[in-house]
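Enquirer: What shape does this take:
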Amino acid sequence: MDRTVRAVVADALPEATVSGIETPATGNRKRTAFVSLADGRDLVVQTRPANPEDTGAGLATEARLAREIDRRTEVPVPRVLAGGTVEGFEYLLTERAPGEDLHARFVDLSRADREATVRSMGRWLAALHDAFAFEGYGSVVLGGDRLLVADPVTDWRAWFRGYVERALSSLVDGTSESLAGLASRVREAVDAGLADLPTDPAARLFPWDLRPGNATVGGGTVTALLDWGEPLAAARGLSLAKSAYVTADWYLPGAADRLRSAFLDGYRDRLALPDRSSTERRLYRIAAVVASAVDSRGCVTRPRYPELGDEAAAAFHRRHLLAALDGETPV
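Expert: Next up, the predicted model:
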């Protein structure tokens, strides 16, 4: 990977000299490298194989979205320096955000700092919902000079059913039989409640991976939110449920209710919560758990820090999914 990273820097910053490259053991769809330059700058290079069929998608979309978030909102994002293609790879070059990985630091923060951090994430989610509106539901891509939904779906119920089915497909193909065995119950719940969902709620930005694991922290406050790849447009309620699950429920079981309240209070600082029936809230919670339980490689995701092992992680998701199927509606 070092060769590709050096080629990226040479393409984007031909006057710069690379003095060090560090490759973290994270990332599924793209590779990440931390780059130090001889002049003291610290940068981040993200790459993935270029795909000529990804018209408007890929890292070009992520770069444009990050720039637009910086322009339209107060959400802290690393400054985008360049994007392009070298040696068959798409790349995105950004400044490196100050601070440490919030995923690793979250449980060590004081109670007040944890709740303030989560409240800020709720407020920033509301800011994103306020700043980005779309004409339908689906994948957000760069079309010409603007962000839009490719092939927008205007029937929310149909799109939501498809979203759940795609998540279930990953779940069934994943490594946990205890989770895959709940697929039929999930489908039954969606079939039973689908008619109670609105038909066309406003389509807003759905940053589906907004969580402490994609943030940096310094001095007890969030210094940047990271990873804006493969954005979606969806109803606000689904976005709220997804982010709340991977933020409030993920780390400290005894603090989940307090953290969830802080997250929702932060959201209310900027926007009123969307009106949702109990059925709607339940279905969004079910979808949030299913979509969070397995990653893009088909592996069970691991909550907590230090992270749970595979069996304990599957049990975590199963417990929350069963609670939602039995009627729990915490968000």
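Enquirer: Leaving out sequence neighbours, find the closest residue to Gly83.
Expert: Leaving aside its chain neighbours, Gly83 sits nearest to Ala63 (4.2 Å; criterion: Cβ to Cβ, 6 or more residues apart in numbering). Any C-beta I mention is one placed from the backbone N, CA and C, and that applies to glycine too.
Enquirer: Got the phi and psi for that neighbour?
Expert: Taking degrees, to the nearest 10, you get phi -60, psi -50 for the backbone angles of Ala63.
Enquirer: burial of Ala192, as a residue count?
Expert: The number of residues packed around Ala192, counting by other Cβ atoms under 10 Å, is 11.
Enquirer: One more: the one 5 residues further on?
Expert: Here the number of neighbours of Leu197 (other Cβ under 10 Å) works out to 21.
Enquirer: who touches it in this structure?
Expert: If you count contacts by Cβ atoms under 8 Å, 6 or more residues apart in numbering, Leu197 has them with 156-157, 160, 279-280, 283.
Enquirer: ok, longest helix in this structure?
Expert: Secondary structure assigned by DSSP state H gives helix 111-131 as the longest helix of the chain.
Enquirer: Flag the shaky bits of the stretch 1-150 of the chain, pLDDT-wise.
Expert: The model of the stretch 1-150 of the chain has pLDDT under 70 over residues 1, 26-28, 52-57.
Enquirer: please redo it, this time with the cut-off set to 50
Expert: Across the stretch 1-150 of the chain, nothing is flagged by pLDDT under 50.
Enquirer: Would you state the strands of it in chain order?
Expert: Per DSSP state E, counting those that start in this stretch, the stretch 1-150 of the chain carries strands over the ranges 18-22, 31-37, 42-49, 80-86, 89-95, 100-101, 133-134, 138-143, 146-149.
Enquirer: same deal with the stretch 201-331 of the chain?
Expert: Using DSSP E, counting those that start in this stretch, the strands of the stretch 201-331 of the chain run over 203-206, 215-218, 221-225, 232-234.
Enquirer: got the contact list for Thr279?
Expert: The neighbours of Thr279, taking Cβ under 8 Å, 6+ apart as the test, are 193, 196-197.
Enquirer: likewise Glu230?
Expert: 29, 57, 61-62, 139, 208.
Enquirer: Mind listing what's buried along stretch 69-81?
Expert: Of the residues in stretch 69-81, those with enough neighbours to count as buried (16 or more other Cβ atoms under 10 Å) are 69, 73, 75-78, 80-81.
Enquirer: Could you tell me which of those belong to helices?
Expert: Where the buried residues of stretch 69-81 overlap with helices, as defined by DSSP H, the overlap consists of Ile69.
Enquirer: Skip the chain neighbours and tell me the closest residue to the residue nearest in space to the middle of the chain.
Expert: With the centre of the chain defined as its mean C-alpha position, the nearest residue by Cα atoms, centre = their mean is Asp209, 0.9 Å away. Closest residue in space to Asp209, ignoring its immediate chain neighbours: Asp227 at 5.8 Å, by Cβ to Cβ, 6+ apart.
Enquirer: all helices of the stretch 151-300 of the chain, in order?
Expert: Counting by DSSP state H, counting those that start in this stretch, residue ranges of the helices within the stretch 151-300 of the chain are 156-173, 177-180, 183-193, 236-248, 256-270, 278-293.
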